[in-house]
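Engineer: Starting from these lines, generate the structure:
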Amino acid sequence: MDTKKPARYGGVDTLRGLAVLWMMSFHFSFDLNWFGFIHTDFYTNPWWLDQRIAIVSLFVFTVGLTQTFTDVSGRPARHFWKRWAQIAGASMLVTAGSYAAFPHSFIYFGILQGIAAMLLLHRLAFRHARAWVLLLAPFAIAVPQLWGHAFFNPPWWNWTGLITQKPITEDYAPLLPWIGVLWLGAGVGWLLARVRVQFRPLQHLPDIRPLSVLGRWPLTIYLLHQPVFVGLVWLAAHLRGG
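Structural biologist: Model prediction:
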């Protein structure tokens, strides 16, 4: 029985933790707007739209890095499938929760659904492409801009990303272009893993706490932070109104 825990890379946890902290700040601002404490437009304002792109990019990039690192370390396949099942299961909870809160714009292919799909495709088809995925990444990122078509606008095709009109949903992270960002992370990971010097960048990226601590629990924090934030902001709104 394999009881050895895989090595963690504090620098990667720090990057992921930065994404977690940034996401929490973004969602807390969304909740403040939802309950009327601030007044802004999260759906059209470039300030918020650009932040969302940056947050998702950082998350997905670290997913690619992590997949490469676990492959390099020889981690058993069962660990991948266990984690994948957790992400897929969590995505269903997010869909259910968002439907209760936003029935007309619920999340059906958001960041968790997107990561589950990207991980599956990468694992089954591109895992052994190694650094070559760096060549595929720009193509994947550019495809939706170059070859989008109205055929893909109905919800059952939105997962492709080949749309000409953004769907009405609270979160949207389709396969294209985001798998290109995952491939950037995976490709950079392979290059770092093959540096033939004693100093290994994988192991010596800066471990900055408490960011690295946050980065070790991204899925748990993702599922729990919004119910907590909404509850707190609702309470504040209730006290203010009462």
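Engineer: any weak-confidence spans in this structure?
Structural biologist: Low-confidence segments of the chain, defined by pLDDT under 70, are located at 1-9, 195-206, 242.
Engineer: where along it do the helices fall?
Structural biologist: Ranges of helices in the chain, per DSSP state H, are 10-34, 46-72, 77-101, 111-121, 133-147, 175-193, 201-204, 211-214, 218-241.
Engineer: mind listing what's buried in the first one?
Structural biologist: Pointing back at helix 10-34 there. Using 16 or more other CB atoms under 10 Å as the test for burial, helix 10-34 gives 10-24, 26-34. Where you see a C-beta, it was placed from the backbone N, CA and C, and this is true even at glycine.
Engineer: Can you say which of the helices of the chain is packed in most?
Structural biologist: Most buried of the helices of the chain by mean neighbour count (mean count of other CB atoms under 10 Å) is helix 175-193; its value is a mean of 23.
Engineer: Now do the same contact list for the nearest residue to Gln113 once chain neighbours are set aside.
Structural biologist: Nearest non-adjacent residue to Gln113, counting by CB to CB, 6 or more residues apart in numbering: Ser91, 4.5 Å away. Contact analysis of Ser91 by CB atoms under 8 Å, 6 or more residues apart in numbering lists 110, 112-113, 116.
Engineer: switch to 6 Å and redo it
Structural biologist: 112-113, 116 (CB atoms under 6 Å, 6 or more residues apart in numbering).
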